[in-house]
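**Student:** model the structure of this input:
(2 chains)
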Protein chains: 2
Amino acid sequence: MSTAPGCELCDGPGGEELYRNAQLRVVLVDDAQYPGFCRVIWNAHAREMTDLSAANRTHLMHIVYAVESALRARLSPTKMNLASLGNATPHLHWHVIPRFVDDTHFPQSVWGPRLRDAAPHVLPDDFVASLAGDLAAMLGAPLAD
Amino acid sequence: MSTAPGCELCDGPGGEELYRNAQLRVVLVDDAQYPGFCRVIWNAHAREMTDLSAANRTHLMHIVYAVESALRARLSPTKMNLASLGNATPHLHWHVIPRFVDDTHFPQSVWGPRLRDAAPHVLPDDFVASLAGDLAAMLGAPLAD
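**Tutor:** Numbering: from 1, shown residues only, chains lettered A, B, ... in the order given. As a prediction, this is how the structure comes out:
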């Protein structure tokens, strides 16, 4: 598998793992401002969507949509935000971010100016296990370690 | 086709049109800070990717990748940024943004803090026609008015 020296998404998981297969992984980002903020990270070091084969692009977005569906069902966000930027870390990954009308930045992007304080939104204790279960049910069981 | 009262992407084109078919349109955003900033806008008023059918999602992303390919070929950006946010305008649209290491915000997102002044990047006079031609060649001719 292609890796790049010094790339944090080659060297580390990028968050708490919810799902993994041979091509990619889904992780939960630990950010109390954005409950349920997930990333879908391509395992190999690819840069752009158009550097992947059409089949791999389709597979990656299939997983992004599964994460969006699971987050919508569990959290009923005001809006979902999807983004693949990678300016700082040019290793293909998708941000899948449930947004709420009273979050710190809404309707700005999460990368924009902070507009208000917001009480940290506490997820249920079983949120990680529940969301991992949702993804396993939609996508098949994740690979064993 | 589903429309929503007061929605700017139901009421207007959203930019200079480069390509249109029955489902969507591609427009160039007039922003000298971000030469080649395009949007792919779903024609009907849909909110989230997971509100579209799987076939429509695949079609929309096929066009997003075509725009990314055309922009990479014409502008050789440092990085491509793809995002579907819609917090302010919840009508499904994708930002397809060529980024350059010396643009006003790089490596921040275009919605983040401005980091530097940058000379407006002037596109060739025939850029719109050329990019529209690239898309027509990849996707088939756009619908006549």
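**Student:** use CA for all of it now, contacts and neighbours both
**Tutor:** Fine.
**Student:** can you list the residues of chain A near chain B?
**Tutor:** With CA under 8 Å from any CA of the partner chain as the criterion, chain A meets chain B at residues A:48-50, A:58, A:65, A:68-69, A:79-88, A:90, A:106-109, A:111-113.
**Student:** 7 Å - rerun?
**Tutor:** For chain A, the residues in contact with chain B (CA under 7 Å from any CA of the partner chain) are A:48, A:50, A:65, A:69, A:79-85, A:87-88, A:107, A:109, A:111-113.
**Student:** report the buried members of those residues.
**Tutor:** A:48, A:50, A:65, A:69, A:79-85, A:87, A:107, A:109, A:112 (16 or more other CA atoms under 10 Å in any protein chain shown).
**Student:** let's see which of the residues you listed end up in strands.
**Tutor:** Of the positions in those, A:79-84 sit in strands, assigned by DSSP state E.
**Student:** helix or strand for A:D134, which one?
**Tutor:** helix A:127-139 (DSSP states H and E).
**Student:** other SSEs contacting that helix?
**Tutor:** strand A:16-20, helix A:54-75 (3 or more CA pairs under 7 Å, 6 or more residues apart in numbering or on different chains; DSSP states H and E).
**Student:** tell me where the model's unsure across chain A.
**Tutor:** Within chain A, the stretches with pLDDT under 70 are A:142-145.
**Student:** need the residue closest to the centroid of chain A.
**Tutor:** The centroid of chain A falls nearest to A:R39 when counting by CA atoms, centre = their mean (1.7 Å).
**Student:** how far away is it from A:S109?
**Tutor:** Distance from A:R39 to A:S109, counting by CA to CA, to the nearest Å: 16 Å.
**Student:** gap between the closest residue to A:A132 other than its chain neighbours and chain B?
**Tutor:** Once flanking residues are discounted, A:A132 sits nearest to A:L18: 4.7 Å by CA to CA, 6 or more residues apart in numbering or on different chains. Distance, A:L18 to chain B, by CA to the nearest CA, to the nearest Å: 20 Å.
**Student:** with A:G36 instead?
**Tutor:** The spacing between A:G36 and chain B, counted by CA to the nearest CA, is 16 Å.
**Student:** OK, contacts around that residue?
**Tutor:** Counting by CA atoms under 7 Å, 6 or more residues apart in numbering or on different chains, A:G36 makes contact with A:28, A:71, A:97-98.
**Student:** most neighbours out of those residues, which is it?
**Tutor:** Neighbour counts for the contacts of A:G36 peak at A:I97, which has 25 neighbours (criterion: other CA atoms under 10 Å in any protein chain shown).
**Student:** how many neighbouring residues does the closest residue to A:D134 other than its chain neighbours have?
**Tutor:** Nearest non-adjacent residue to A:D134, counting by CA to CA, 6+ apart: A:A70, 6.3 Å away. Using other CA under 10 Å, A:A70 has 20 other residues around it.
**Student:** for A:A22, pull up the helix or strand it's in.
**Tutor:** Here A:A22 is assigned to no helix or strand, by DSSP H and E.
**Student:** an error on my part: the question was meant for A:P124.
**Tutor:** A:P124 is part of no helix or strand, with elements assigned from DSSP H and E.
**Student:** next, it: phi, psi?
**Tutor:** Taking degrees, to the nearest 10, you get phi -60, psi 150 for the backbone angles of A:P124.
**Student:** do you know how far it is from chain B?
**Tutor:** 24 Å.
**Student:** so who does that residue touch?
**Tutor:** With CA under 7 Å, 6+ apart, A:P124 has no contacts at all.
**Student:** let me know the closest of the ones in strands among the buried ones among the residues of chain A next to chain B to B:S2.
**Tutor:** Using CA to CA, the shortest approach to B:S2 within these belongs to A:K79, at 18.8 Å.
**Student:** burial count for the nearest residue to that closest one once chain neighbours are set aside?
**Tutor:** The shortest distance from A:K79 to any residue other than its chain neighbours is 5.2 Å, reached at A:R99 (CA to CA, 6+ apart). Residues within reach of A:R99, counting by other CA under 10 Å, total 28.
**Student:** wait, doesn't the residue nearest to A:A132 sit right on A:F37?
**Tutor:** No - A:L18 is beyond contact range of A:F37, at 11.9 Å (criterion: CA atoms under 7 Å).
**Student:** done for today, thanks.
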